[in-house]
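Peer 1: Provide a 3D model corresponding to the input given below.
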Amino acid sequence: MTEPATAAVADAATGVVLVLNAGSSSLKVSVHSRSGDSLWRDQRSWSVGAAEGAAPEERLEAVLDAWLPGALAGRVAGLTVAGHRVVHGGERFTAPVKLDAAVLAVLEELVPLAPLHNGPALRVMRWLSRWQPGLTQWACFDTAFHGTLPAAARTYAIPARWRAEGLRRFGFHGLNHQHVAETVARRGEDLRLISCHLGAGCSLCAIRGGRSIATTMGYTPLEGLVMATRSGSIDPGLLLHQLRRGVTAEELDRALQQESGLLGLSGLSASMKDLRRAAAEGHAGAELAIAVFRHQLLQGIGAMAASLGGVDVIALTGGIGEHDGALKRELEEALGWLGPFELLRIPADEEGVIARHCGAAGV
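Peer 2: I've put the predicted structure just below:
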C-alpha cells in the first residue's frame, strides 16, 4: 500500500534519497530523508500489466515505464541521490559504491552469483540513468555487513586452487541484519544477538558487538535454511548424482532456486501463511514443509548460539519472522534449553539503511 508523501519530499533543500529494492518478483521503491526516515513507499510486481510470454527484461521495462515516472511525479525535484539494494557484491565491493561504467561492468559479472536479484537491480539502474541521467546512483550490498566474518567462518574446506578463485562464504541479507543489530544495540554494547531474517529468502546471522561473526548463507543466497522456493543446504553428493543422471546445470539451477523450499516440500505453495492454513486442515505436504522449515531453523539457531557462546537476544525479522505468530510460540517452547534470552520481532528496514548509507556519502 502506498504511504502518503509529506511536503518535505518535494522540497529540493531536503536532499531526499530515492531507494530501489529490486527483487525477482517485484520492485520496492521508497523516498527517505538522509537519516533514513521513510517519507513515501510503494511497490509493484513485475507481472503487473506485462504481456503474456514477455521476457523478464521486457516485463521489468514495462512496469518501470508505466508506473515509476507517475508515482514519483512532483517528487523528482527533491531527489538528489538514488540508492540500490544489490544482493551480491563479491570480493570487490565491501562498502557502498557510486555507480559508473566500470562499476556497472563488474556488477554485470556478478549476476550469475545471485541471478534472481542482481540482474533485476542492474536493469533498474540502467533504466533510472536513462530517465534521470543527472541523478547520482549508489549500490549498497547485502554482502558488505559480513565483511567482518573471521577466516574460520568464511572459508570452505575446498582445494586451495578453488579458494584462490574467491570461492568462499559471503553471507547475505546484510542490510537488514545491520538494521537489526543497530536496533538491538540500544539494549547494550556487547549483546550476543541472533538475527533471523525469515521471508522468501531466509538466513541467520550471529552478531556480537554489532559485527557479523557467522551466518548461514554462503557463496550464493542458495545455502542455509529452507526458503520459499530455494532448497537451502543439501548434500553436494545429491547434486553430483543428478548431474551424472543427465540433469543439466540449467535444470538443476531452476529446480533448486524456483521449485524447492516450502513450495517443493508442500507441493502446494511457497507462502507460509497458505501452508499454516492448509496444515490446520490436515494437508500432509503443508505439515511436512512447516516441520522441515522449523527443524532446520532450530538447528541453525543452535549453531549461531554456539558461535556466540550463548545468546542474549533472538530477533525475528522478514515477512515470516514478523508476522507468523505460531512460529514465535514454537521457538519460545523449543529454545528453552538456551537459557534466558529475549525474543523480539523487528520489522525489516533495508531501505532505511540504504538511505543512511547514501546520506553519509554526502552527495
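Peer 1: any stretches of the stretch 251-363 of the chain with poor pLDDT?
Peer 2: Where the stretch 251-363 of the chain drops to pLDDT under 70, the residues are 361-363.
Peer 1: could you rerun that using 80?
Peer 2: Residues of the stretch 251-363 of the chain that meet the criterion pLDDT under 80 lie in 360-363.
Peer 1: and the strands in it?
Peer 2: 313-317, 342-345 (DSSP state E, counting those that start in this stretch).
Peer 1: could you identify which of the ones you listed is most buried?
Peer 2: strand 313-317 (a mean of 23; mean count of other Cβ atoms under 10 Å). Heads up, the C-betas are built off the backbone N, CA and C, glycines and all.
Peer 1: ok, residues contacting it?
Peer 2: For strand 313-317, contacts defined as Cβ atoms under 8 Å, 6 or more residues apart in numbering pick out 176, 179-180, 183-184, 187, 191-198, 301, 321-322, 327-328, 331, 335, 341-348.
Peer 1: if we can go back for a sec, mind putting the strands of the stretch 251-363 of the chain in CSV, distance to A62 included?
Peer 2: Shown next, in CSV, are the strands of the stretch 251-363 of the chain (distance: least, Cβ to Cβ, whole Å):
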stretch, distance to A62
strand 313-317, 32
strand 342-345, 36
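Peer 1: end to end on stretch 234-249, go ahead and measure it.
Peer 2: 16 Å (Cα to Cα, to the nearest Å).
Peer 1: model confidence over that stretch, on average?
Peer 2: Averaging pLDDT along stretch 234-249 gives 98.
Peer 1: same thing with stretch 203-219?
Peer 2: 97.
Peer 1: now swap in stretch 67-85 and tell me
Peer 2: Mean predicted lDDT for stretch 67-85 stands at 86.
Peer 1: now it: buried residues?
Peer 2: Neighbour counts over stretch 67-85 (16 or more other Cβ atoms under 10 Å) mark 67-68, 72, 75, 78-85 as buried.
Peer 1: cool, and stretch 221-241?
Peer 2: 221-233, 239.
Peer 1: need the residues that contact that stretch.
Peer 2: 87-88, 114, 116-117, 169, 172, 198-204, 215-218, 252, 256-265, 270-271, 289, 292-293, 296-297, 300.
Peer 1: report the buried members of those.
Peer 2: If we count by 16+ other Cβ under 10 Å, the contacts of stretch 221-241 have these buried: 87-88, 114, 116-117, 169, 172, 198-204, 215-218, 256-258, 260-265, 270-271, 289, 292-293, 296-297, 300.
Peer 1: okay, and which of these map to helices?
Peer 2: 256-258, 261-265, 289, 292-293, 296-297, 300 (DSSP state H).
Peer 1: state the pair within the residues you listed that is farthest apart.
Peer 2: Maximum pairwise distance in these, criterion Cβ to Cβ, is 22.3 Å, between Q258 and G300.
Peer 1: circling back to that earlier point, which of the buried residues of stretch 67-85 sit farthest apart?
Peer 2: W67 and T80 (22.0 Å).
Peer 1: ok, the closest residue to H357 other than its chain neighbours - contacts?
Peer 2: Leaving aside its chain neighbours, H357 sits nearest to P96 (4.5 Å; criterion: Cβ to Cβ, 6 or more residues apart in numbering). Contacts for P96 (Cβ under 8 Å, 6+ apart) come out as 83, 138-141, 144, 357-358, 361.
Peer 1: what is the nearest of those residues to V103?
Peer 2: After measuring these against V103 - Cβ to Cβ - the closest member comes out as A139, at 6.9 Å.
Peer 1: find the nearest non-adjacent residue to that closest one, please.
Peer 2: Counting by Cβ to Cβ, 6+ apart, the residue nearest A139 is V86, at 4.6 Å.
Peer 1: pretty sure that neighbour contacts F141?
Peer 2: Yes. Assessed by Cβ atoms under 8 Å, V86 is found in contact with F141 at 5.2 Å.
Peer 1: what's the overlap in contacts for the two?
Peer 2: Contacts common to V86 and F141, judged by Cβ under 8 Å, 6+ apart, are F93.
Peer 1: could you report the neighbour count for P112?
Peer 2: 12 (other Cβ atoms under 10 Å).
Peer 1: err, M272, not the other one
Peer 2: 24.
Peer 1: so it makes contact with E322?
Peer 2: No. Using Cβ under 8 Å, M272 is not in contact with E322; the gap is 11.4 Å.
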